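How does the following fold in three dimensions:
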Amino acid sequence: MRKTLLIAFLGTTSLLQADWTKLWPSAAPGAPQPPTGTETTNDRGHKGMIEVPQYWVHLPPEGKANGAAAVIFPGGGYRILAMEHEGHAYAKWLNERGIAGIVVKYRVGTGLGYQYPVPFLDARRAIRTVRANATKWNIKPDRIGVMGSSAGGHLASLCATRFEDTFPEETADTTDKLSARPDFAILCYPVITMSATGHSGSRKNLAGENAPPELLKKLSTEKAITKDTPPVFLLTTSDDGVDCRNSLLFATACKENKVPVSLHMFEKGGHGYGLKGKGPLAVWPDLLDAWLAERWKD
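Got it, this is the predicted structure:
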């Protein structure tokens with residue numbers, strides 16, 4: 001029996017490893033690749049010091065798929081990635097609703113040169129990769145959104161606002177020529193602004209200790225919203241350690257630019273709860289479910 005379990009475990013381990021796919025065809029641009037063995041995983045499944053940016057595709061059953069997909073960016077202050085509860089758990093929840101979930105292991109980790117634009121390059125590449133594989137994965141190219149929590153929410157908001165930016169590093173192949181604009185954005189307790197209202201750890205890890213004001217302004221995504229920003233679902237609580245005013249600033253700017261926005265603010269819940277909010281907050285996934293259903297009534 002123990003031998004059987006061991007074989008099953010080794011088989012599962014091999015399968016899990018095989019499900020990560022490199023985002024870039026060769027070395028990822030923007031920073032040197034660290035030595036093998038640099039990447040870390042703790043007992044909660046949080047990953048850090050990322051060696052190679054990758055993605056993991058969770059597809060819904062073929063008969064249930066509605067053609068939509070969400071590219072998922074776990075949070076972690078641009079230092080680690082809360083891969084399980086803000087990554088794979090979201091993807092499986094989306095699968096139950098016919099939506100593909102693509103979890104992204106974007107580059108984070110202090111001391112590796114992974115400041116802006118490195119995480120953004122990985123995020124944009126992930127969106128384009130889903131578009132490049134849309135037919136293969138039974139996804140409609142105009143139903144590809146982003147979903148992020150905390151710092152991952154900031155990265156998702158960058159994708160939703162600064163999709164027209166260009167970078168000389170984006171010349172790997174034809175995938176880099178595809179649109180990086182998401183069709184919707186789900187921002188869960190996100191970091192938004194790089195001002196004092198934002199999150200100091202995320203700001204430092206993304207922009208650097210003494211970032212110039214013009215860069216901080218560029219990375220404050222409430223300032224980058226335009227009429228072309230896609231519809232947004234926002235979730236926050238008034239007792240969040242990442243100040244709820246991050247979400248309020250973003251929602252206000254959406255309103256000013258006539259961008260459809262659904263803002264949900266609860267009294268209590270803290271931060272980093274993923275799908276497992278307690279008390280009144282426990283209903284938030286149902287609110288997202290209804291919001292997503294409204295996107296594609298056909």
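
ranges for the strands of the stretch 51-200 of the chain?
Per DSSP state E, counting those that start in this stretch, the stretch 51-200 of the chain carries strands over the ranges 54-58, 69-73, 80-81, 100-105, 144-149, 185-188.

got those as a markdown table, with distance to Asp240 columns?
C-beta here means a position set from N, CA and C on the backbone, and glycine is covered the same way. Below are the strands of the stretch 51-200 of the chain laid out as a markdown table (distance: least, CB to CB, whole Å):
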| stretch | distance to Asp240 |
| --- | --- |
| strand 54-58 | 27 |
| strand 69-73 | 18 |
| strand 80-81 | 19 |
| strand 100-105 | 23 |
| strand 144-149 | 11 |
| strand 185-188 | 10 |
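
So for Gly279, which of those sits nearest?
strand 185-188 (16.9 Å; CB to CB).

which parts of that closest one are buried?
Under the neighbour-count criterion of 16 or more other CB atoms under 10 Å, strand 185-188 has Ala185, Ile186, Leu187, Cys188 buried.

these two touch, right, Val261 and Lys255?
Yes: using CB atoms under 8 Å, Val261 makes contact with Lys255 at a distance of 6.6 Å.

ok, Pro25 touching Thr174?
No: using CB under 8 Å, Pro25 is not in contact with Thr174; the gap is 10.6 Å.

got a list of what Val259 touches?
For Val259, the contacting residues are Ile225, Lys227, Thr229, Pro230, Pro231, Val232, Ala253, by CB atoms under 8 Å, 6 or more residues apart in numbering.

Show the contacting residues for the nearest residue to the first one once chain neighbours are set aside.
Here the nearest residue to Ile225 in space, its sequence neighbours aside, is Ala253; by CB to CB, 6 or more residues apart in numbering that works out to 4.3 Å. With contacts defined as CB under 8 Å, 6+ apart, Ala253 is in contact with Glu222, Lys223, Ile225, Val259.

Pull up the gap between the residue nearest the centre of the chain and Asn138, please.
The structure's the chain has its C-alpha centroid closest to Phe73; by CA atoms, centre = their mean the separation is 2.0 Å. Separation of Phe73 from Asn138 (CB to CB, to the nearest Å) stands at 22 Å.

could the contacts of Ala253 go into a markdown table alongside pLDDT, secondary structure and distance to Ala65?
Converted to a markdown table, these look like this (pLDDT from 0 to 100; DSSP: H, G, I helix; E, B strand; the rest coil; distance: CB to CB, whole Å):
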| residue | pLDDT | secondary structure | distance to Ala65 |
| --- | --- | --- | --- |
| Glu222 | 98 | helix | 34 |
| Lys223 | 98 | helix | 37 |
| Ile225 | 98 | coil | 31 |
| Val259 | 98 | coil | 27 |
